[in-house]
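A.B. asks: the amino acid sequence is not available; the structure is as follows:
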């Protein structure tokens, strides 16, 4: 009683069955992780969309403030989309989630880079006539947007490229 | 690139952007100003989650693909983050009495200040515990 036993699987017997069951479990877990990643990305994108409400496209100061807030949502979106892509790419059968994640990463990667370029354009307009104190804050916001935009944009595009090679044709 | 490689890249992006965010939020330095000193700790723990998620992903990769240099970098990263968090905790602890004194002047402010203190130290303690576990684990990976 209380002694530890080593159970050796028989080839083609209980061991193979257990392995097959384990593989099926891993496959189901990876598919679940892919869908969970998509859901997490949707939460992040919803948060990002709310930043834009109400839309004030004509107002440079408002555009600047909105675009400076946008990078805050990038980590959540990346954890969802890239994490989901890794799970979908590691699964043997991709399913619908793989297609959504491939498209999602490509679109979000391009959108992140486009938002970064837009922020640079808006910064150049907004910085004219700023007080030195406000300008220092604006420069920090620009540096943050550049680092976040380039890093997350490249990450999403890299994830889309990586997943593209794993889509069954 | 393998799945673990992409996971490592995601981890590094989260760690680097999280680190840059913390540095930008907390500059310029204003040591001696209790409001700024407490604000540094408060803002750091509020934006700590992506950085901790990145550290966790890097640890997962180090577990799955053991490598001495990778483990060494992870030890330096987790230990550095843990010591920074402890130092910020000490700085925030010293700035609490003058902060509460300042808040006592305005009506309703002491409650908000107490909530902020509780949130900062609660989240900071959880973050520090998480980093301590990651440091121990990465040290074990480095030494084996």
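C.D. replies: Looks like it came in fine. The structure presented is a predicted model; accordingly, all values stated were derived computationally and were not measured.

A.B. asks: poorly predicted segments of chain A, please.
C.D. replies: Counting by pLDDT under 70, chain A has low-confidence residues at A:1-14, A:94, A:167-169.

A.B. asks: mind giving me the packing neighbours of the helix or strand bottoming out on mean pLDDT in chain B?
C.D. replies: None of the helices or strands of chain B scores lower by mean pLDDT, DSSP states H and E than helix B:34-46, at a mean of 83. Packing partners of helix B:34-46 (3 or more C-beta pairs under 8 Å, 6 or more residues apart in numbering or on different chains; DSSP states H and E): helix B:3-25, helix B:68-103, helix B:109-143. The way it works is simple: take the backbone N, C-alpha and C, and place the C-beta from them, glycine included.

A.B. asks: mind running it again at 6 Å?
C.D. replies: helix B:68-103, helix B:109-143 (3 or more C-beta pairs under 6 Å, 6 or more residues apart in numbering or on different chains; DSSP states H and E).

A.B. asks: residues in contact with residue A:108?
C.D. replies: Counting by C-beta atoms under 6 Å, 6 or more residues apart in numbering or on different chains, residue A:108 makes contact with residue A:156.

A.B. asks: now the helices and strands packed on helix B:34-46 in TSV, with distance to chain A?
C.D. replies: Formatted as TSV, these follow (distance: least, C-beta to the nearest C-beta, whole Å):
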stretch	distance to chain A
helix B:68-103	16
helix B:109-143	15
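
A.B. asks: ok, which of these comes nearest residue A:62?
C.D. replies: Closest approach to residue A:62 among the helices and strands packed on helix B:34-46 (C-beta to C-beta): helix B:109-143, 27.9 Å.

A.B. asks: check which residues of the closest one are buried.
C.D. replies: Buried residues in helix B:109-143, counted by 16 or more other C-beta atoms under 10 Å in any protein chain shown: B:113, B:116-117, B:120-121, B:123-124, B:127-128, B:130-131, B:134-135, B:137-139, B:141-142.

A.B. asks: who's in contact with the least confident helix or strand of chain B?
C.D. replies: Under C-beta under 6 Å, 6+ apart, the answer for helix B:34-46 is B:22, B:25-26, B:30, B:88, B:91-92, B:95, B:98-99, B:120, B:123-124.

A.B. asks: among the residues you listed, the buried ones, what's the PyMOL command?
C.D. replies: Typed into PyMOL, the line below selects the buried ones among the contacts of helix B:34-46, using 16+ other C-beta under 10 Å:
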select buried, chain B and resi 22+26+88+91+92+95+99+120+123+124
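
A.B. asks: redo the contacts of helix B:34-46 as JSON lines? Include pLDDT.
C.D. replies: Listed next are the contacts of helix B:34-46 as JSON lines, based on pLDDT from 0 to 100:
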{"residue": "B:22", "pLDDT": "86"}
{"residue": "B:25", "pLDDT": "81"}
{"residue": "B:26", "pLDDT": "80"}
{"residue": "B:30", "pLDDT": "78"}
{"residue": "B:88", "pLDDT": "86"}
{"residue": "B:91", "pLDDT": "85"}
{"residue": "B:92", "pLDDT": "82"}
{"residue": "B:95", "pLDDT": "82"}
{"residue": "B:98", "pLDDT": "80"}
{"residue": "B:99", "pLDDT": "76"}
{"residue": "B:120", "pLDDT": "87"}
{"residue": "B:123", "pLDDT": "89"}
{"residue": "B:124", "pLDDT": "89"}
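
A.B. asks: pull the most distant pair out of the contacts of helix B:34-46.
C.D. replies: Using C-beta to C-beta, the contacts of helix B:34-46 span at most 23.5 Å, a distance reached by B:22 and B:98.

A.B. asks: tell me both backbone torsions, phi and psi, for residue B:66.
C.D. replies: Dihedral angles of residue B:66 (phi, psi; degrees, to the nearest 10) stand at phi -60, psi 130.

A.B. asks: excluding its backbone neighbours, what's nearest it?
C.D. replies: The shortest distance from residue B:66 to any residue other than its chain neighbours is 6.2 Å, reached at residue B:141 (C-beta to C-beta, 6 or more residues apart in numbering or on different chains).
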